[in-house]
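>>> How does the following fold in three dimensions:
(chains A and B)
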Protein chains: 2
Amino acid sequence: MTNQNLTDMPSLNLRRVAIDTYKENVAYLHRDCPIYRSEGFQALSKIEIHKVSNGAPVIAVLNVVDDENITAPDQLGLCEQVYDQLGVPEGTEVSICHATPAESLKSVHSKIAGERLNYQEYLGITQDIVNNRYSKIEIAAFLVGCAESGMEREEVLNLTRAMVDTGDRLNWGEFLVSDKHCIGGIPGNRTTMLIVPIVSAHGMLMPKTSSRAITSPAGTADTMEVLACVDHSPERLREIVQKERAFLVWGGTAKLAPADDILIAVERPLSMDSPGQLIASILAKKIAAGATHLLIDIPVGDTAKIRNHTDALKLRKIFEYVGEHMGLHLEVVITDGSQPIGHGVGPILETMDVMKVLENDPYAPLELREKALMLAGRIIEFDPDVRGGQGYVIARDILESGRALTKMNAIMDAQGRNTDPLTLGKLQHNVVATAKGTVKAIDNLKTASIARLAGAPMDKGAGVYLHKKVGDKVEIGEPLYTIYAEFNADFNFAIQASIKDPCYQIEGTGHVN
Amino acid sequence: MTNQNLTDMPSLNLRRVAIDTYKENVAYLHRDCPIYRSEGFQALSKIEIHKVSNGAPVIAVLNVVDDENITAPDQLGLCEQVYDQLGVPEGTEVSICHATPAESLKSVHSKIAGERLNYQEYLGITQDIVNNRYSKIEIAAFLVGCAESGMEREEVLNLTRAMVDTGDRLNWGEFLVSDKHCIGGIPGNRTTMLIVPIVSAHGMLMPKTSSRAITSPAGTADTMEVLACVDHSPERLREIVQKERAFLVWGGTAKLAPADDILIAVERPLSMDSPGQLIASILAKKIAAGATHLLIDIPVGDTAKIRNHTDALKLRKIFEYVGEHMGLHLEVVITDGSQPIGHGVGPILETMDVMKVLENDPYAPLELREKALMLAGRIIEFDPDVRGGQGYVIARDILESGRALTKMNAIMDAQGRNTDPLTLGKLQHNVVATAKGTVKAIDNLKTASIARLAGAPMDKGAGVYLHKKVGDKVEIGEPLYTIYAEFNADFNFAIQASIKDPCYQIEGTGHVN
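Sure, this is the predicted structure:
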């Protein structure tokens, strides 16, 4: 009746296996590894990897290898990201054992059973997620669990707080740090790249971290990257802010609400975006990024994320509830989401729209300009010295005077300009009207889908350019939009999608291609 | 404005990558592969792999490789199971393209939104699952979606029918093909290995396919494997049935409701087992296996899967509803699930219990014997020539006369005896009473968990032997149960669990170890 210690376990030599498994931790063990059989491991077992030098163990899912060139019987192979997490060189001795299931999975099962979770339970879940204790399927179970029974506003608050508390939190040392966020779903809606220069030209602090596209053809970070580097160290960001009062960068490098990034990596392939997760994801990132004053844009339209005003109001209430309890000054604007904003959809095409507005080009898309001015005006009114209702005029003055363009150039210089020319995808295809009439509707989802299939946001020059907007008259054979793509497979997928799912509705004549 | 064909895509040379990824299809592409970047693939992209010789494409998730020894830039690496699915040799030219998302994922999203799905929708889902079009996280989303909002009985019928219709179906050419199934959750409940010899000794047809353990310390297939080979071709199974009127084998090799096996591979690590999935899983397998008459055992107890009589009745109604609409004669027995059945928990320990009953050993566990006789009796009453209420007596007579043992030996001979000796785990640890009193309760879940941690069912000799059952008197220091394990890590996990979560409750003194 023995009771041997776990540290008796034989050790393995670490080996880096040059496989990128995206966000899932995978470890490789040879089928003939003495430990593999003797300890009853099997493929998909979760294991804990321990360094002899101590330090927190790393959790990974096991794949079994039958080739010594990948992992020999005396080795433990680690995919690239697990190797990086462990942070010790190849050949280092490590030991492994069965990972005990994450304690917080009990809370996930409670949630699936329809129960409400408290702060401690959400904290347990986010901690385990951040520590890579959840497999992808466990994350999927958590997301679907939250989506299906829904989250009470108290739960959204709990999850938001838990996500903030399991990451870093920036402090800009000022009383008013402004930020804005659109809940998304409207292609071409690139107002942030106008608002940031306008608001910071007014003198307000606006250190803007944005995401890359999740399910859309372009995120602000993808689009800004066309003009300047968006990937900076925290130290560099402080220097830029000191000089320019603003930046427009990707928020992914900082450890702000890191649980959110891991959740998003599963939400994306699942096409999940439930209200509770949406709100917690947005607010946790903003609060962790140090925002004190936040403007939320909720576009409403038949093909937007939010289809009617009632749903938008419901969402607003939860945003306000969570914002208030997290000590955030938060305002919600409900905007017109009935069609894409501007003409371009895709990083370079959107950049062109933005630059035209900043340059006061007479051909600049009017509704992009007006929406950006309205939102910038609301943020400027966060300034205690600005009277309610005066924000829009101040914003317009900053734009028309060229100060917004000057500020944008200064921000681009500070972040490091991208000198690549703005080259659109070399494969181009016009989709033309097959009937005469007036454009009645343009489908946001289908437009976004075609632009994504064409290669956006990965291919910066890919996307869709809308020649006609709602209310415009069209003749038979007149181009409605142009598809831009870089590569054949994408191009064909996009064209096939445009044939299958026309984006445009022309009044009196029904759907056309 | 070109429109090139997808078949223009450059081809890759197939390579088998000797990695076992369990049930997820993974393909490997080198980061420098010209197609990788040019076609906008990325890690976790789903791709379709096409043979030049045509045939159905195979779907896989992409991992990106940075080592030519695993996959060179002109190669497409496939994990072992994808390689087997594609069925062509290494070096064969294949092409790849983006996989379009499975159409039926729309139905999964409907289910998550709380809608009911019809037969066509469940058929679409099961077809896509069987064709490997679902990733693990998509399967998890489907399972959680069904678990959370629940499934109407009509939906359970639809899913059952869809699972049967997407696989093979056996036909034994007789009017009465009997089968039984326990919904599980009770350790040691190995009645099947007694019922099959008794019922077939009565002359009835009972071709019994069983599963391996999913979340339990032993399935019937795991336990029967201790005595005989349980893995046979369909042709061999027909020969055995012709001779013995019965067999006791693993159902996994036949393509019976194959969607179920893929679902279970995700249910297991998620510890999910929702009523709708449970019923569809059981009935689809039984119907596909050719059963015409089925007895379902639902044990009820505080630590069983079903906690009270009301829930058991609800479950029974759905079983009956689906059974009737699938043309199955089905009866449900609600049994005592208040503690483990018999003494042994784990393949060899349970086999020893079973053999004692068959041998009419005076030390055979009484409640295992009585339960098996009761259930066998109910099945014998499916025989139109047996009067209602006479089954038990017939079953007992068959057992006591030794005909059941003779039949079991004949079945073992027909399937091929396993000549390995019945060796229990060499590591043994007694858990003793720390107080005097009467055993009030034995926790099924904790008993199962300790037996699993000890290595069951993978290590046949691992598990738990219960010396005391509910109602027994115990003295301080008297052994309550013995843990058997083969390997140190498992042994320690099991002991630690027995310290943390005592299985036994002793009357008057509370919990003890």
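>>> hey, let's count contacts and neighbours off CA atoms from now on
Noted.
>>> any idea how far chain B is from A:A485?
According to CA to the nearest CA, to the nearest Å, A:A485 and chain B sit 11 Å apart.
>>> Next up, the contacts around the residue in the stretch 201-350 of chain A positioned nearest to chain B.
In the stretch 201-350 of chain A, the residue that lies nearest chain B is A:L270 (6.5 Å; CA to the nearest CA). A:L270 sits next to B:I137, B:E138, B:A141 when contact means CA atoms under 8 Å, 6 or more residues apart in numbering or on different chains.
>>> Ok, A:S281 next?
Counting by CA under 8 Å, 6+ apart, A:S281 touches A:T160, A:D260.
>>> same question, A:L466
Here A:L466 is in contact with A:H343, A:G344, A:V345, A:L480, A:Y481, A:T482 (criterion: CA under 8 Å, 6+ apart).
>>> Please report how far it lies from chain B.
17 Å.
>>> now do A:R190
The gap separating A:R190 from chain B is 24 Å, by CA to the nearest CA.
>>> Could you tell me how many residues sit around that residue?
28 (other CA atoms under 10 Å in any protein chain shown).
>>> Of the contacts of A:L270, which is the most crowded?
Tallying neighbours with other CA under 10 Å puts B:A141 at the head of the contacts of A:L270, with 28 neighbours.
>>> how much space between that one and B:A60?
18 Å (CA to CA, to the nearest Å).
>>> Over to A:V82?
Taken as CA to CA, the span from A:V82 to B:A60 is 22 Å.
>>> Most neighbours out of the contacts of A:L466, which is it?
Neighbour max across these (other CA under 10 Å) = A:V345, 35 neighbours.
>>> got a list of what that residue touches?
A:P187, A:G188, A:P217, A:A218, A:A448, A:A451, A:G463, A:V464, A:Y465, A:L466.
>>> can we see that at 7 Å?
A:P187, A:G188, A:P217, A:A451, A:G463, A:V464, A:Y465 (CA atoms under 7 Å, 6 or more residues apart in numbering or on different chains).
>>> how about A:D459, what does it touch?
A:E486.
>>> And the furthest pair within the contacts of A:V345?
A:P217 and A:Y465 (12.4 Å; CA to CA).
>>> And the two? Which one has more around it.
A:P217 (33 against 22).
>>> And the pLDDT at that one?
With respect to pLDDT, A:P217 scores 89.
>>> what does A:H325 give?
A:H325 is given a pLDDT of 97.
>>> Would you mind putting the contacts of A:L270 into TSV with secondary structure alongside?
As requested, those are exported to TSV (DSSP: H, G, I helix; E, B strand; the rest coil):
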residue	secondary structure
B:I137	helix
B:E138	helix
B:A141	helix
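>>> Closest one of the residues you listed to chain A?
Among the contacts of A:L270, and counting by CA to the nearest CA, the member closest to chain A is B:I137, at 4.8 Å.
>>> Surely the closest one touches A:E138?
No: using CA atoms under 7 Å, B:I137 is not in contact with A:E138; the gap is 8.3 Å.
>>> Now do the buried residues in the longest helix seen in chain A.
If you go by DSSP state H, chain A has its longest helix at helix A:309-325. Of all the residues in helix A:309-325, those buried under the rule 16 or more other CA atoms under 10 Å in any protein chain shown are A:A312, A:L313, A:L315, A:R316, A:I318, A:F319, A:E320, A:Y321, A:V322, A:G323.
>>> Could you find the closest non-adjacent residue to the last one?
Translated: A:G323. A:L330 (6.0 Å; CA to CA, 6 or more residues apart in numbering or on different chains).
>>> quick one: stretch A:414-429 to chain centroid distance?
Centroid separation for stretch A:414-429 versus its chain: 21 Å, with CA atoms, centre = their mean, to the nearest Å.
>>> is any part of it close to chain B?
Yes: Stretch A:414-429 lies within reach of chain B by CA under 7 Å from any CA of the partner chain, at A:L427, A:Q428, A:H429.
>>> Inside strands: which ones of these?
Cross-referencing those against strands under DSSP state E gives A:L427, A:Q428, A:H429.
>>> and of those residues, the nearest to B:V226?
Using CA to CA, these come closest to B:V226 at A:L427, 64.2 Å.
>>> Return the set of residues that bridge with the closest one.
A:L427 has these beta-bridge partners by DSSP bridges: A:A485.
>>> what about it, how many residues close to it?
A:L427, neighbours per other CA under 10 Å, totals 19.
>>> how close does it get to B:C97?
18 Å.
>>> is it true that A:E475 touches A:T438?
No: using CA under 7 Å, A:E475 makes no contact with A:T438, being 8.9 Å away.
>>> More neighbours: these two, which one.
A:T438 (19 against 14).
>>> Work out for me the element A:Y392 sits within.
A:Y392 belongs to helix A:391-400 when elements are defined using DSSP states H and E.
>>> what packs against that helix?
helix A:192-201, helix A:366-380 (3 or more CA pairs under 7 Å, 6 or more residues apart in numbering or on different chains; DSSP states H and E).
>>> Format those helices as a markdown table; extra columns: mean pLDDT and distance to chain B.
Output for these, formatted as a markdown table (pLDDT from 0 to 100; distance: least, CA to the nearest CA, whole Å):
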| stretch | mean pLDDT | distance to chain B |
| --- | --- | --- |
| helix A:192-201 | 98 | 26 |
| helix A:366-380 | 97 | 29 |
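>>> I'd like to know how many residues surround A:A56.
12.
>>> B:I35 versus that one, what's the distance?
Distance from A:A56 to B:I35, by CA to CA: 39 Å.
>>> Look at the most centrally placed residue in chain A and report its pLDDT.
In chain A, the C-alpha nearest the mean C-alpha coordinate belongs to A:S211, at 4.0 Å (CA atoms, centre = their mean). On the pLDDT scale, A:S211 is placed at 81.
>>> what sits against it?
A:S211 touches A:G219, A:T220, A:A221, A:W250, A:G251, A:G252, counting by CA under 7 Å, 6+ apart.
>>> Can you say which helix or strand has the residue lying closest to the fifth one once chain neighbours are set aside in it?
When the adjacent residues along the chain are set aside, A:G251 lies closest to A:T209, with 4.6 Å between them (CA to CA, 6+ apart). Under the criterion DSSP H and E, the helix or strand holding A:T209 is strand A:206-210.
>>> mind listing what's buried in that strand?
Those would be A:M206, A:P207, A:K208, A:T209, A:S210, for strand A:206-210 by 16+ other CA under 10 Å.
>>> Closest to B:L294 out of the residues you listed?
Of the buried residues of strand A:206-210, the one sitting nearest to B:L294 (CA to CA) turns out to be A:S210, at 59.0 Å.
>>> Provide a list of residues in contact with that closest one.
A:T220, A:A221, A:V249, A:W250, A:G251.
>>> So which of these sit within strands?
Checking the contacts of A:S210 against DSSP E, those in strands are A:V249, A:W250.
>>> pLDDT and neighbour count added to the contacts of A:S210, as CSV?
Shown next, in CSV, are the contacts of A:S210 (pLDDT from 0 to 100; neighbours: other CA atoms under 10 Å in any protein chain shown):
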residue, pLDDT, neighbour count
A:T220, 93, 25
A:A221, 92, 25
A:V249, 94, 25
A:W250, 90, 22
A:G251, 80, 20
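>>> okay, the closest residue to A:T447 other than its chain neighbours: pLDDT?
For A:T447, ignoring the flanking residues on the chain, the nearest one in space by CA to CA, 6+ apart is A:C503 at 6.0 Å. On pLDDT, A:C503 comes in at 92.
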